[in-house]
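In: dropping the sequence and predicted coords here.
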Amino acid sequence: MEKYRTEERMLAEAAEEDRRERHMPSAAQRSAAIRRGMERANGGTRRRAGFVYGGAGAAALAAGALLIGYGGFAGEGTAPSEPSSSQAADPQKVEPSLEPFYPLVMRNDSTIASALKRGAATPTDIVSERDGFALNIRGTVRDSRSVTLFYTLKGPGGDRLSLNRPKLVDASTGKTATWEEDGAPPNEQFDVFERAQYGVITMPLRPEFGGSEQFALKAYAVSGRVGADGNRLQTFDVPLTVASNADEEQYTVFEQPKTLKVGGQSVEIERMLVTPLRIYLSVSQETEQTFFSLVNPRLVVTHDGKRKTLARESMWPYPDRAEKINYRLVYANTSGTGRPDSIAFRAEGIAKAPEAGSVFVVDTEKSEVLRAPGEDYAASLTAAASTDLSQLTVTYPISSKDWAENRSLLLDLTFTDGDGKTHKLREDANGSFGGGMSNADGTASAYVYLEKLDYPQPLTFKVAGAPGWTKDEQEITLK
């Protein structure tokens with residue numbers, strides 16, 4: 001009976017974890033779902049996307065703006081298809097010992113999913129056991145800028161655990177080899193029958209350790225149960241050898257920046273690092289903001305007569321040793337080669353910037369929009385799940401291209417009431433300031449959380465971004 005109750009509790013926790021993951025899908029999952037929903041037109045399905053301030057959200061927070069809608073800075077999903085001389089890929093199978101990890105990355109990490117499929121990951125069996133806790137490193141894959149580990153984590157009672165604050169330490173110097181503050185949290189899934197947490201973690205490497213092969217993994221095991229207090233239950237210090245593949249990479253500093261001009265604006269690419277896992281582009285500080293306005297920026301890689309379109313994976317900072325150059329743009333190199341025959345950088349167009357002084361003004365008592373970035377905006381104020389919050393929902397027209405390309409409503413984190421007093425948006429219990437959803441009728445709905453107060457009307461929000469873009473397909477050759 002006790003065994004039944006334990007398994008029943010674990011199944012309930014797994015169901016709750018799945019529910020939470022469905023409520024907060026990854027950027028890639030949101031992008032794919034949004035595209036499908038908008039294309040159905042009359043399907044009547046609403047696609048929801050909520051977000052918190054971490055990763056790209058933290059960047060938006062630093063900029064003083066809240067992204068409403070598709071939060072696609074970290075993990076762009078599948079790139080649009082390009083004409084190809086070889087559309088059919090060779091059949092590929094994942095190494096059997098690493099097959100359980102493929103479902104964790106197949107939808108939201110095209111870099112690691114592709115590496116698994118083409119056999120680029122190295123199986124391992126490195127086990128660290130302490131007081132009934134066991135961490136097993138089952139595989140690795142890397143380039144000079146990152147190391148990815150595939151692992152299982154078990155506890156003495158078969159309870160759900162999670163890997164906390166993992167970092168790599170260089171064995172020869174004892175110095176931290178990874179950018180701890182820039183790494184994403186592990187992607188984990190609990191197996192209720194094995195009573196093991198399966199996980200994948202990618203840790204960005206500091207450039208001076210890009211060629212290192214001997215490391216120690218330092219991490220903590222914490223409770224992975226819903227509502228757990230996060231106390232550290234065990235400490236791990238695991239020696240690791242991860243072979244370098246720097247000889248398969250190609251680093252280029254352009255004598256003159258490669259300049260892509262779209263809609264009268266320019267993006268200058270100064271450096272490029274190509275590895276079998278990713279392609280890293282360094283953009284000049286003077287033009288890096290223009291990149292955020294590009295519509296469908298992608299790389300097209302050709303090798304051995306095969307052409308692949310690469311999706312932007314993320315925007316990780318990678319300072320160089322002395323020059324402090326940041327690799328702002330990171331693309332998933334699903335071609336699998338660090339020395340392709342050619343690389344082109346393309347963009348489909350550029351977003352229209354909001355007019356100077358653009359604001360969204362609403363009388364929440366009357367549900368009346370007084371001023372908006374475009375026509376046919378509507379708004380309503382309702383009670384939020386948290387008793388001390390209200391939810392302001394804004395509905396506005398949007399094209400599928402705008403939604404998929406992150407050209408939705410962008411509001412400031414602060415607003416003013418009718419008396420000119422400034423207020424801040426509030427977070428809900430999940431740490432989210434709001435979210436958005438696409439509607440099947442060609443509109444999108446955005447929502448933000450306000451403190452539940454009797455505000456003097458109307459409320460005024462500064463608009464940092466709104467739907468709308470200009471088509472201007474352009475391309476430059478990087479190699």
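Out: In hand now; what should we look at?
In: domain assignment for the chain?
Out: Following automatic domain parsing, one finds the domains of the chain at 11-72+353-470, 121-244, 247-348.
In: measure the shortest one end to end?
Out: For domain 247-348, the first-to-last residue distance is 34 Å (Cα to Cα, to the nearest Å).
In: which other helices and strands contact the helix or strand harbouring residue 124?
Out: For residue 124, the element it lies in under DSSP states H and E is strand 122-130. Secondary-structure packing of strand 122-130 (3 or more Cβ pairs under 8 Å, 6 or more residues apart in numbering; DSSP states H and E): strand 133-143, strand 232-241. All C-beta atoms are positioned from the backbone trio N, CA, C, and that covers glycine.
In: ok, it: who's next to it in the sheet?
Out: The pairing partners recorded for strand 122-130 under DSSP bridges are strand 133-143 (antiparallel).
In: what mean pLDDT does the helix or strand following the partner strand get?
Out: Toward the C-terminus, strand 133-143 is succeeded by strand 146-154 as the next helix or strand (DSSP H and E). Mean pLDDT, computed over strand 146-154, is 96.
In: try stretch 445-454
Out: Averaged over stretch 445-454, pLDDT sits at 93.
In: so which bits of it are buried?
Out: For stretch 445-454, the neighbour count (16 or more other Cβ atoms under 10 Å) marks 445-450, 452 as buried.
In: one step back: tell me the most buried of the helices and strands packed on strand 122-130?
Out: Among the helices and strands packed on strand 122-130, strand 133-143 has the highest mean neighbour count (mean count of other Cβ atoms under 10 Å), at a mean of 21.
In: got a list of what residue 382 touches?
Out: Taking Cβ atoms under 8 Å, 6 or more residues apart in numbering, we find residue 382 in contact with 390-391, 393.
In: doesn't residue 301 make contact with residue 307?
Out: Yes - at 7.1 Å, residue 307 and residue 301 qualify as touching, with contact defined as Cβ atoms under 8 Å.
In: circling back: which among the helices and strands packed on strand 122-130 is found nearest to residue 295?
Out: strand 133-143 (28.6 Å; Cβ to Cβ).
In: residue 437 contacts residue 444, doesn't it?
Out: Yes - with contact defined as Cβ under 8 Å, residue 437 counts as touching residue 444 (6.8 Å).
In: rewinding a little: residue 307 and residue 301: who's more crowded?
Out: Neighbours were counted for residue 307 and for residue 301 using other Cβ atoms under 10 Å; residue 301 has more, 24 against 19.
In: I figured the more buried one was touching residue 340, is that so?
Out: Yes - with contact defined as Cβ under 8 Å, residue 301 reaches residue 340; the gap is 4.7 Å.
In: follow-up on the earlier one: between residue 437 and residue 444, who's got more neighbours?
Out: The residue with more neighbours, out of residue 437 and residue 444, is residue 444; 27 against 22, by other Cβ under 10 Å.
In: and the more buried one, what element?
Out: Using DSSP H and E, the element containing residue 444 is strand 443-451.
In: what is the subsequent helix or strand relative to that strand?
Out: Next element after strand 443-451 (DSSP H and E): strand 459-465.
In: for that following strand, the distance to its chain's centre please.
Out: 25 Å (Cα atoms, centre = their mean, to the nearest Å).
In: list the helices and strands that strand packs on?
Out: Using 3+ Cβ pairs under 8 Å, 6+ apart, strand 459-465 is in contact with strand 359-363, strand 410-416.
In: quick one: work out the angle between that strand and strand 410-416.
Out: Relative orientation of strand 459-465 and strand 410-416, computed by axes from the mean of the first three to the mean of the last three Cα atoms, to 10 degrees: 160 degrees.
In: what does strand 459-465 rub up against?
Out: Contacts for strand 459-465 (Cβ under 8 Å, 6+ apart): 63, 65, 351, 354, 358-364, 373, 392, 407-412, 414-418.
In: show me which residues of that strand are buried.
Out: Using 16+ other Cβ under 10 Å as the test for burial, strand 459-465 gives 459-465.
In: that one pairs with which strands, parallel or anti?
Out: Sheet partners assigned to strand 459-465 using DSSP bridges are listed as strand 359-363 (antiparallel), strand 410-416 (antiparallel).
In: residue 345 bridge partners, please.
Out: Taking DSSP bridges, one obtains residue 299, residue 476 as the residues bridged to residue 345.
In: picking up where we left off before, now the strands paired with strand 459-465 in TSV, with mean pLDDT?
Out: Converted to TSV, the strands paired with strand 459-465 look like this (pLDDT from 0 to 100):
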stretch	mean pLDDT
strand 359-363	95
strand 410-416	89
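In: residue 217 is nearest to which of those strands?
Out: Ranking those by proximity to residue 217 (Cβ to Cβ) places strand 410-416 first, at 37.0 Å.
In: helix or strand right after that closest one?
Out: Assigned by DSSP H and E, the successor of strand 410-416 is strand 422-424.
In: what does that next one rub up against?
Out: In contact with strand 422-424 (Cβ under 8 Å, 6+ apart) are residues 413-417, 450-451, 453, 455.
In: ok, 6 Å please
Out: Applying Cβ atoms under 6 Å, 6 or more residues apart in numbering, the external contacts of strand 422-424 come out as 414-416.
In: show me just the buried residues among those.
Out: Buried residues within these, counting neighbours by 16+ other Cβ under 10 Å: 415-416.
In: in a strand, residue 429, correct?
Out: No - the assignment for residue 429 by DSSP: H, G, I helix; E, B strand; the rest coil gives coil, which leaves it out of any strand.
In: can you count the residues close to it?
Out: 9.
In: how close does it sit to residue 384?
Out: For residue 429, the distance to residue 384 equals 10 Å [Cβ to Cβ, to the nearest Å].
In: between the contacts of strand 422-424, which sits nearest residue 328?
Out: Distance to residue 328, by Cβ to Cβ, is smallest for residue 414 among the contacts of strand 422-424, at 27.0 Å.
In: and the gap between the closest one and residue 448?
Out: 11 Å.
In: hang on, the earlier thing: let's have the helices and strands packed on strand 122-130 in JSON lines, adding mean pLDDT and distance to residue 289.
Out: Converted to JSON lines, the helices and strands packed on strand 122-130 look like this (pLDDT from 0 to 100; distance: least, Cβ to Cβ, whole Å):
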{"stretch": "strand 133-143", "mean pLDDT": "96", "distance to residue 289": "27"}
{"stretch": "strand 232-241", "mean pLDDT": "94", "distance to residue 289": "39"}
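In: among those strands, which is nearest residue 162?
Out: Taking Cβ to Cβ, strand 232-241 is the member of the helices and strands packed on strand 122-130 nearest to residue 162, at 9.9 Å.
In: what's the first helix or strand after the closest one?
Out: Per DSSP H and E, strand 232-241 leads on to strand 250-262 as the next helix or strand towards the C-terminus.
In: which strands or helices does that next one pack on?
Out: Counting contacts by 3 or more Cβ pairs under 6 Å, 6 or more residues apart in numbering; DSSP states H and E, strand 250-262 packs against strand 265-274, strand 342-351, strand 469-477.
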